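Student: I would like to see how this sequence folds:
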Amino acid sequence: MTLDMSKYLALFVSEATDHLDALAHELVKLEKQPEQTSVDSMFRHAHSVKGMAAAMGYEHMAAIAHRLEDLVDAIRSDRSLVTRESVDLLLSATDALLGQVRAASEGNEVEEAPELEAELAACLASVVAPPGATTSLLDSSAGFRPPVAPVATGSAPAASSSDPRPASSTPASSAMPAMWADSSAPRFTVKLRIASGCQAPGPRAFLALKRLAKLGSIFDLNPAMEELRAGKISEGLISLELETGSSESSVWGSLDSVAEIEIASVVALESTRQPRKRPIGHPQSPPTGQEAAKTIRIRTELLDYFLDTVGELILATAQVREIGKGVPLALRPALEEGVDRLHGLVKDLHEKVMSARMTPLSTLTDRLPRPARDIARRRGKDVDLAVAGAEVELDRTIVESLSDPVLHILRNCIDHGIESKEERALAKKSERGNVQISVRRDRDRVILEIEDDGRGMDAEKLRTAAIERGFLTQQAASRLSHKETFMLSCLPGVSTAKDVSDISGRGVGMDAVKRAVEEVGGTLEIDSERGRGTRFSLQLPLTVSVVNLMLVGIGEEIVGVPVAKVLSALEVDSNALSKKGDGALLRHSRAVLPVRHLSDLLGIPGAEHAGARPYLVMEAESGKVALAVDKLLGQEEVVLKTLSRPLDLIPGLSGVTILGTGRPVFILDVPRLLVT
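Tutor: Numbers count the residues shown, from 1 in each chain. Down below sits the predicted model:
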């Protein structure tokens, strides 16, 4: 009978992906510091994936995970086995497992990887001596076998008639204990209890059995294995007999690290002793679902719903406050007091929802050592990647949006920033290049910096490339400041790379990086020094759900511009502008800025201005711009709402909000609006 394990699939994919990502991260660390890096956690990651895959019925996945586990176990015993080649093989196995997990999550068949399994087996055979090794729980010829051996008490254990392995089968590894234990070993009756709040009792029970099977042989399992896999566990209780040469305390301690499950009792067979309590000082597993629920997984869609609902409450509160302005003066104090109290409660609720969405940047930075290693290897370079401050938290949406931009910057640093070993030797630098990622909190902003100690960027070449592609005139390029010049690398097609590789160098990408950072309300700055290196600085908001807007009037319309993108606001008499062809120039802070009219960009009739009018100084793709508007209406903190089709297809619009008066206001993406 085929068991339906689909209800556990989401949990399996989430946990397996976490384990494999952590394993890949630790393998890269192991390669650099084999003696200082603990291998125990790597073994646990591989072992957990193997157990979960087997419980879900993914035998091919369990087979690879088992081979990987055995190799990690061999390394744990002998660190001299850590070589570039062995780490390559382990990382390839990790990648293959991630691919299989991804296939499972998409409902596709988990395909076998015979070549990889053979390579892992060959590597294992070369480092693990076969003489005297015991039969593994997983044999390449038999696939996965559950850790249950139905053997009569007091008789010599023997394989069941359904066991496809011959009695003299060659062991696959010695990492796991023998399935068929000596009948003279002591036996215990073991009772397990699964926490009442457990979402996946079947896989949890199976993992517990795997741990106990490492101590010896399991008999008289109740409920049966098929019922366990289906999650049919009456009142969360499991009983079994365990034949083991290990001590009773070892049995108690075997499940300490298995969440949501505990040993209820251990009784030695043929003994009159009563079931004893846990020994003093033994870690107590959560006895009830109440304690186990202190930390739970929650769907991101539910968090998004909470955030949207709280945003609606903020808007509704603003509308009530606006309506209150028409209430008679005698009644207004009581109403305003109630609205203030409601506003405080809603703001507090909003902060709690936002804190639930906050994610440490380590979820992003922990995935970077692996691609950094691979890129450096492909380019024949040795590069050290250091990360500091990754515990700083940002909104989950921002962290997810930064994944590709940060990876692209890292590629550029290693591929084009860090010199070859020969160039570094001539420059009297260390043979190994260095890339430093640092994160720090600055009031309501987070600063993420990526810096390399490579060759740096050539400002003159950037100016020349921008002029050749028609983005700037020679005169405009000469007026650019040092930092403005380096931002030219964010123009499409502008690159100073010596060669084009399959990694980077085509001048495509930094414009997308800048746009992605700005879409979440952040800014990008680049600073560089020839021969010393380049620093990319990303200034990011804590959240994208609530933004500060500069409200401006254009004719009869009101639009919003994120305050973070406004460098300054000023009023200038039209007669003070310089003329250049059909356009105008505004002098600002020892620079001359081109003037653009927001009414022309939006296609909205603007008001006539005979004298002074307001201007917003903004950062555009090709430098600073003075944006002419009709009115400055002040700043307001608003809830940002994303646009739906077809409005999201209009360039220059980044979102919409609703004012307390009930009036909808579009939020502009001015840099994109200026290039349309």
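Student: from here on, contacts and neighbour counts on C-alpha atoms
Tutor: Noted.
Student: ranges for the strands of the stretch 401-550 of the chain?
Tutor: 433-442, 445-452, 523-529, 533-541, 546-554 (DSSP state E, counting those that start in this stretch).
Student: can you say which of the ones you listed is nearest to T363?
Tutor: Closest of the strands of the stretch 401-550 of the chain to T363 is strand 433-442, at 13.1 Å (criterion: CA to CA).
Student: strands paired with the closest one, and their directions?
Tutor: strand 383-388 (parallel), strand 445-452 (antiparallel) (DSSP bridges).
Student: so for V513, which of the strands of the stretch 401-550 of the chain sits nearest?
Tutor: Comparing the strands of the stretch 401-550 of the chain by CA to CA, strand 523-529 comes nearest, at 8.5 Å.
Student: thinking again about what came up before, turn the strands paired with strand 433-442 into a markdown table, columns for mean neighbour count and distance to G231.
Tutor: Converted to a markdown table, these look like this (neighbours: other CA atoms under 10 Å; distance: least, CA to CA, whole Å):
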| stretch | mean neighbour count | distance to G231 |
| --- | --- | --- |
| strand 383-388 | 16 | 42 |
| strand 445-452 | 20 | 45 |
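Student: closest to S217 out of those strands?
Tutor: Per CA to CA, nearest to S217 of these: strand 383-388, 45.6 Å.
Student: using PDB, list the CA coordinates for that closest one.
Tutor: The C-alpha trace of strand 383-388 is given here as PDB (Å, rounded to 0.1, in the frame of the first residue of the first chain):
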ATOM      1  CA  VAL A 383      40.000  34.500  -1.600                       C
ATOM      2  CA  ASP A 384      39.100  34.800   2.100                       C
ATOM      3  CA  LEU A 385      35.500  35.900   2.800                       C
ATOM      4  CA  ALA A 386      34.900  37.500   6.200                       C
ATOM      5  CA  VAL A 387      31.400  38.500   7.600                       C
ATOM      6  CA  ALA A 388      30.700  40.700  10.600                       C
END
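Student: tell me the helix or strand right after it.
Tutor: Toward the C-terminus, strand 383-388 is succeeded by strand 393-395 as the next helix or strand (DSSP states H and E).
Student: quickly run through the sheet partners of that following strand, with directions.
Tutor: Counting by DSSP bridges, strand 393-395 is paired with strand 358-360 (antiparallel).
Student: how about residues contacting the next helix or strand along the chain from the strand it pairs with?
Tutor: Of the helices and strands lying after strand 358-360 in sequence (DSSP H and E), the nearest is helix 362-365. With contacts defined as CA atoms under 8 Å, 6 or more residues apart in numbering, helix 362-365 is touched by 387, 390-391, 399-400, 403.
Student: go again using 10 Å as the cut-off
Tutor: Helix 362-365 has contacts (CA atoms under 10 Å, 6 or more residues apart in numbering) with 18, 21-22, 25, 368, 386-393, 396, 399-400, 402-404, 406-407, 437.
Student: now it: buried residues?
Tutor: Neighbour counts over helix 362-365 (16 or more other CA atoms under 10 Å) mark 362-365 as buried.
Student: now pLDDT and distance to R432 too, for those, in TSV please.
Tutor: What follows is the buried residues of helix 362-365, written out as TSV (pLDDT from 0 to 100; distance: CA to CA, whole Å):
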residue	pLDDT	distance to R432
S362	89	24
T363	88	26
L364	90	24
T365	91	20
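Student: returning to what we had before: now render the strands paired with strand 433-442 as TSV, adding mean pLDDT.
Tutor: Formatted as TSV, the strands paired with strand 433-442 follow (pLDDT from 0 to 100):
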stretch	mean pLDDT
strand 383-388	92
strand 445-452	92
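Student: now those in a markdown table, with distance to H47?
Tutor: Output for these, formatted as a markdown table (distance: least, CA to CA, whole Å):
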| stretch | distance to H47 |
| --- | --- |
| strand 383-388 | 28 |
| strand 445-452 | 35 |
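Student: just the helices in the stretch 101-250 of the chain please.
Tutor: 114-127, 201-213, 225-229, 248-253 (DSSP state H, counting those that start in this stretch).
Student: between these, which gets nearest to E619?
Tutor: Between E619 and these, the tightest spacing by CA to CA is seen for helix 114-127, at 51.5 Å.
Student: what comes up buried for that closest one?
Tutor: 116-117, 120-121, 124.
Student: contact partners of the helix or strand hosting P671?
Tutor: Taking DSSP H and E as the definition, P671 sits inside helix 670-675. Applying CA under 10 Å, 6+ apart, the external contacts of helix 670-675 come out as 515, 518, 561-562, 565-566, 596, 598, 601-602, 618-625, 627, 650-654.
Student: related to what we said a few turns ago, wait, which of the helices of the stretch 101-250 of the chain is closest to R441?
Tutor: Among the helices of the stretch 101-250 of the chain, the nearest to R441 by CA to CA is helix 201-213 (39.3 Å).
Student: other SSEs contacting that closest one?
Tutor: Judged by 3 or more CA pairs under 10 Å, 6 or more residues apart in numbering; DSSP states H and E, the packing partners of helix 201-213 are helix 40-56, strand 187-194, strand 216-222, helix 225-229, strand 237-244, helix 248-253, strand 261-268.
Student: try it again with 8 Å
Tutor: On a contact count with 3 or more CA pairs under 8 Å, 6 or more residues apart in numbering; DSSP states H and E, helix 201-213 meets helix 40-56, helix 225-229, strand 261-268.
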